[in-house]
Every structure is written in structure tokens, then in C-alpha cells.
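S.K.: Pasting the sequence and the predicted model now:
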Amino acid sequence: MTISAARKTLSLLVADSQEIVRAGVRAMLAQSAIKIVGEATDVAGTLAVAKKLKPAVVLLDAALPGGDSFELAKKLRQTLPAIRSILVTAIDNPTYMARAHAVGAANCLLKGVTQKELVVAIENAAVGKPAADNGPFARIVASMSGRAKSKAAATNLTPREEQVLRHVALGLSNDEIGSSLEISVETVKEHVQHLLRKLSVSDRTQAAVLAVQSGWV
């Protein structure tokens, strides 16, 4: 499916607790072919409306009241796999970007995006295209998927252990790391124990600090 084809039927659900934000999105998309078919203000409402309307894309505030927006994105992916989620946050936090990727979101945007950037992000998500490579989400995803051999060799980490370390440094839980890398939680735990031993640190926090200081993330 091409983006031009998607424009004919592209439907959007906007989930944000603030009316001023929802109104802003409506204004930004007014001249586009994207049709806002519903709005929601909390986690439960978003899930209910998504199940009823089945929009192509859900634009999802990362701080929705009534639950965890990232877990909601994961649930939407599991129960309504045809729907693509885009998290939106006012906080430029790499952990948010990493969690969004781990739960299967198509993108994670900052609330300062331009009208053009918003339209392109929604259109790309609807047709399964990756996020624009000049945005913060794409940069974090690239970091999470990379396996630089030079640093791994210097610390005796395997490429997979270094990849897990990047996820740890970004603040992801074992479950989120497993989802991101498509491996079991038990396998994640084994990798974490191995890299802690090789780095001569006693816990995940120390490993994360070392990873940041060493420029792994």
C-alpha cells in the first residue's frame, strides 16, 4: 500500500487528556487527508474507542491518566495488531523513545513537532514505513539495534550482551528488553548477569552509568 492510497481511508484516534492539545492536533490536520474519527482522554477510554472504531493510527499521549500509556500501546499491538500507535511526549527522554520501540509503537514524537512532521509520521505509521531517520526515535532505535564490535571486544562482551547493555542503560525492564530483541525474559536475565560480571559491576544501575560514560548510548 502506498501513502497516497492510505490517504483515502486514513483514520486517526487522538488520545490526550488536554482539550487544548486535541484541538491543536485537529487544527494541524485540518488541511490533510487524515480524518480524526475519535478522541479519548484516558487509558481505559482509549482502549474502548480503539476497539470500537479500529482506526489506522492512534496518536497516544505518553502521560495519559488512568494507567501506563506504554503498556496501552503494547496492549493495542497485541489485541488490535492492524492499528499502529504513535506515542507523543513533552519530555525529550531517550527512555521514552526506547520504551515506545520496545512495546511496538511505530514512532514516538515530541510535542513540538511541525505540522508536516506530524502528517508524515502518521502516514508512515499507517503503511508500516519506519520513522524518519532524522528524528530522536529513529536514532534511539538505531542505537538499540546496533552491535558495534569494537566496544564489545574491548570489554569482552558479546555483540548481544552489548545490545542488552544499551537497553539497560536506556532504562528498559527485562520484559521490555525481551520484547524489543524478541528473546525470552530468562535469556535477558542470563545476558544481564554475564555483562555485569564482565564489567565488574554489582547491579544494573552501575552498568547503565558505565554504558553512558563510555558512550554506548
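M.R.: Alright, I've got the coordinates.

S.K.: State the number of residues packed around residue 168.
M.R.: For residue 168, the neighbour count with other CB atoms under 10 Å is 24. Glycine gets a C-beta too; all of them are placed from N, C-alpha and C.

S.K.: Against residue 141, how distant is it?
M.R.: Per CB to CB, to the nearest Å, residue 168 is found 16 Å from residue 141.

S.K.: repeat for residue 208
M.R.: For residue 208, the distance to residue 141 - CB to CB - is 18 Å.

S.K.: same check, this time on residue 196
M.R.: 25 Å.

S.K.: Pick out whichever of the two has more residues nearby.
M.R.: residue 141 (22 against 18).

S.K.: Let me see the ranges of the helices in this structure.
M.R.: 3-9, 19-29, 43-53, 69-79, 94-102, 115-126, 136-145, 149-155, 159-169, 174-181, 185-199, 204-213 (DSSP state H).

S.K.: want to try CSV for these, with mean pLDDT as columns?
M.R.: Shown next, in CSV, are the helices of the chain (pLDDT from 0 to 100):
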stretch, mean pLDDT
helix 3-9, 49
helix 19-29, 96
helix 43-53, 97
helix 69-79, 95
helix 94-102, 90
helix 115-126, 96
helix 136-145, 84
helix 149-155, 50
helix 159-169, 91
helix 174-181, 92
helix 185-199, 94
helix 204-213, 83
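
S.K.: center of the protein - which residue?
M.R.: A centroid search over the chain (CA atoms, centre = their mean) returns residue 100, at 1.7 Å, as the residue closest to the centre.

S.K.: Verify the contact between that one and residue 108 for me.
M.R.: Yes: if you go by CB atoms under 8 Å, residue 100 and residue 108 touch, sitting 3.7 Å apart.

S.K.: joint contacts of those two?
M.R.: When CB atoms under 8 Å, 6 or more residues apart in numbering defines a contact, the residues bordering residue 100 and residue 108 alike are 62, 87, 137.

S.K.: The last one contacts residue 97, doesn't it?
M.R.: Looking back up the chat, that one is residue 137. Yes: here residue 137 reaches residue 97: they are 5.0 Å apart, a contact under CB under 8 Å.

S.K.: Name the residues contacting each of these two.
M.R.: Taking CB under 8 Å, 6+ apart as the criterion, residue 137 and residue 97 both touch residue 108.

S.K.: Quickly note the distance from residue 138 to residue 61.
M.R.: For residue 138 relative to residue 61 (CB to CB), the value is 21 Å.

S.K.: again with residue 133
M.R.: Taking CB to CB, one finds residue 133 at 24 Å from residue 61.

S.K.: do residue 159 as well
M.R.: Per CB to CB, residue 159 is found 36 Å from residue 61.

S.K.: How about residue 170?
M.R.: Applying CB to CB to residue 170 and residue 61 gives a distance of 21 Å.

S.K.: Tell me which of these two has more neighbours.
M.R.: Neighbours per residue, other CB under 10 Å: of residue 170 and residue 61, the larger number sits with residue 170, 27 against 24.

S.K.: Alright, calling it a day.
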